[in-house]
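>>> Return atomic coordinates for the entry below.
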Amino acid sequence: MVTHTNIKRKFMKRVKYLNNRDLLAQIHASKNTYCSYVTPEDAQYDLIVPNLKKVNASAVAQARKAKAKRLTQEAWEQAKDAGLKKIKLADYTVSPRKIDKTDLVFRVMMFDHVPMDDERKKNPKTTADHHSKVNFPPFQHYKFDKKDKLVCVGKSHWVGGMNNGHFSVDHGKMTNQLATMYMKLCERYGTRANWRGYTYNDEMQSQALMQLSQIGLQFDESKSDNPFAYYTAAITNSFTRILNIEKKNQSIRDDLLEYNGMMPSFTRQNENDVNAPSYKKKMKNVHGDVHAVNKTTLAKLNKVLKKKGSLDREDFEGVKFKNKIDMTNHKPSIKKKW
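Model (predicted):
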């Protein structure tokens, strides 16, 4: 006899979709293709600051904690990939005090190495408007030398050495992994219940993918660590833009069809039926007028409904509505208004 205890349940392996950690890693890798560093180790920053004046003792302490946390996570993941079992993250903890000050890398957001271009915009308002156009906020990486002075060890939108290199915005590219993530985001968003029914869903996804390819690297890690929300908002705007364009085109087609005495779309027919006076009169006779009540009155009516199971005409006698109604013909519906 086969029982439930003899049956081994096979659970489906959880499929990894996307997370902010992987997105941030690929954004960082994509931006590095547009950058130049003294050594490969200088590409990994420990703290982002708005200017060089913010690199103080407090910033050094924060950078040490961030670097220690990152090194701890990397050591634990390496041990896990090596096949070790029953390992704890606490066993690989790196103390911030053991990290030397000269090993810290600070990302400073600045436009000092970006050429000036006052003719790009007629009425420049921000610092970026006075410089050449870049595909993401520019920055420089700094480290402390043995003399406790900050030295530039990396520049964004740069080719060559720190002193003999030149500015460039077209030598880098997006990583294949980040492009795949963009495609997954658009495809997954297109399967949502409020979008998947449209016949032009593919066009929405294409528009969203093109939008992400343009503004994807503009995500600023110094302001947020949630690129998933940033990309989702961009995709939503792209889908909505295509929807509005299609609705406008459909309205023009329906106007032309009605003008020539032909049958318009099913959506236009429903709109005409709903807006017809006979339809509104019919719905009013069936459901009655809808009147607004305050929160206190609604709570009282809910108590009566819970106690009796139904509401009678006498229960509405003490209810004060904004406009007078005739209680002899129908019982008004209750609409909650906050």
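
>>> What residues does residue 238 make contact with?
Residues near residue 238 by Cβ atoms under 8 Å, 6 or more residues apart in numbering: 204, 207, 208, 210, 211. For every residue, glycine as well, the C-beta is placed using N, CA and C.

>>> Then it would be within a helix, right?
Yes. The assignment for residue 238 by DSSP: H, G, I helix; E, B strand; the rest coil puts it in a helix.

>>> so what's it closest to, chain neighbours aside?
Residue nearest to residue 238 in three dimensions, not counting chain neighbours: residue 208, with 3.9 Å by Cβ to Cβ, 6 or more residues apart in numbering.

>>> Surely that neighbour touches residue 240?
No. Under the criterion of Cβ atoms under 8 Å, residue 208 is not in contact with residue 240, lying 10.2 Å apart.

>>> The residue nearest to residue 238 is in what secondary structure piece?
helix 201-215 (DSSP states H and E).

>>> Other residues contacting that helix?
Taking Cβ under 8 Å, 6+ apart as the rule, helix 201-215 contacts 174, 179, 182-183, 185-187, 189-190, 195, 198, 231, 234-235, 237-239, 241-243.

>>> which parts of it are buried?
204, 205, 207, 208, 209, 211, 212 (16 or more other Cβ atoms under 10 Å).

>>> Quick one: those as a markdown table, columns for pLDDT and distance to residue 270 too.
Shown next, in a markdown table, are these (pLDDT from 0 to 100; distance: Cβ to Cβ, whole Å):
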| residue | pLDDT | distance to residue 270 |
| --- | --- | --- |
| 204 | 95 | 23 |
| 205 | 96 | 27 |
| 207 | 96 | 27 |
| 208 | 96 | 28 |
| 209 | 96 | 32 |
| 211 | 96 | 32 |
| 212 | 95 | 35 |
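
>>> Using CSV, lay out those residues together with distance to residue 101.
As requested, those are exported to CSV (distance: Cβ to Cβ, whole Å):
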residue, distance to residue 101
204, 51
205, 48
207, 48
208, 45
209, 44
211, 42
212, 39
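
>>> what does the domain assignment say about the chain?
Domains of the chain are assigned by automatic domain parsing as 16-33+173-275, 34-167, 286-336.

>>> how near is residue 90 to residue 81?
Applying Cβ to Cβ, to the nearest Å, the value for residue 90 to residue 81 is 18 Å.

>>> How about residue 227?
Distance from residue 227 to residue 81, by Cβ to Cβ: 25 Å.

>>> out of these two, which sits in the busier spot?
Per other Cβ atoms under 10 Å, whichever of residue 227 and residue 81 has more neighbours is residue 227, with 22 against 8.
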